[in-house]
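Predicted structure and sequence below. I'll ask about it afterward.
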Amino acid sequence: MFKINKKIIYSLLALKYISSKQSESLTSAQEISDSFHIPFDTTAKVLQSLHRINILDSTKGVKGGYQLNKKLSEISYMDILRTVNEHRSLEKNEIEKAQNEDFALLNITLKLNLKVNEVLSKLFLDEILEKNINLDDLKIIEASYSNRDETHPLNRPTENEAQEMVL
């Protein structure tokens, strides 16, 4: 399954919270931190990162805070990933090392990475944040995990899983 780190989650929570408020009102890092019981320092850093790329506007001072500078429909998941997670491409020496070791593996990894990045660049935050997942969505997800071909070598249970099934 696709893993999402805490900074990305905090960014999404913050953007959802800020977007739910009136467009004129400001939201502080402390308010977001308190609302979701998440660390203040990380929340503040995430908001600063989002401000650096103009997703958020910032007003300094005692009554300062953040507000959206863009609509959620204009912000892709990849924008958040690149900004908050400091998403990086493979370093030149990593590519050279991988080429020497196993070019086929590098080729597969790069192709997969390109496809994932393409999908994430087309996934906008309004699609993620503005509607809740429903029971039908959960059934589709569950079905995608249960409809695997058990005869395919990659889908066979591991030795430990097989032993647990017997017990």
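Yep, it's here.

Helices along the chain, start to end?
Per DSSP state H, the chain carries helices over the ranges 6-20, 29-36, 40-52, 77-84, 92-121, 125-129, 135-146, 159-166.

What mean pLDDT does the fifth one get?
Put plainly, it is helix 92-121. Helix 92-121 carries an average pLDDT of 74.

try stretch 63-71
Averaged across stretch 63-71, the pLDDT comes to 92.

buried residues in it?
65-68, 70 (16 or more other CB atoms under 10 Å). For glycine as for every other residue, the C-beta is placed from the backbone atoms N, C-alpha and C.

For those, work out which two are farthest apart.
65 and 70 (16.7 Å; CB to CB).

low pLDDT regions in this structure?
1-2, 85-102, 133-167 (pLDDT under 70).

at 80 instead, please
Where the chain drops to pLDDT under 80, the residues are 1-3, 22-24, 84-110, 130-167.

ok, back up a step: so can I have CSV of the buried residues of stretch 63-71 showing distance to residue 131?
Formatted as CSV, the buried residues of stretch 63-71 follow (distance: CB to CB, whole Å):
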residue, distance to residue 131
65, 26
66, 23
67, 22
68, 18
70, 19
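
Residue 37 and residue 28, how far apart?
15 Å (CB to CB, to the nearest Å).

Which one's more surrounded, those two?
Using other CB atoms under 10 Å, the more surrounded residue of residue 37 and residue 28 is residue 28, with 18 against 6.

Now the more buried one. Its backbone dihedrals?
phi -90, psi 160 (degrees, to the nearest 10).

how close does the residue nearest to it when sequence neighbours are not counted get to residue 116?
Nearest in space to residue 28, with sequence neighbours left out and distances taken as CB to CB, 6 or more residues apart in numbering, is residue 65 at 4.4 Å. According to CB to CB, residue 65 stands 34 Å off from residue 116.

repeat for residue 13
23 Å.

quick one: which of the two has more around it?
residue 13 (18 against 12).
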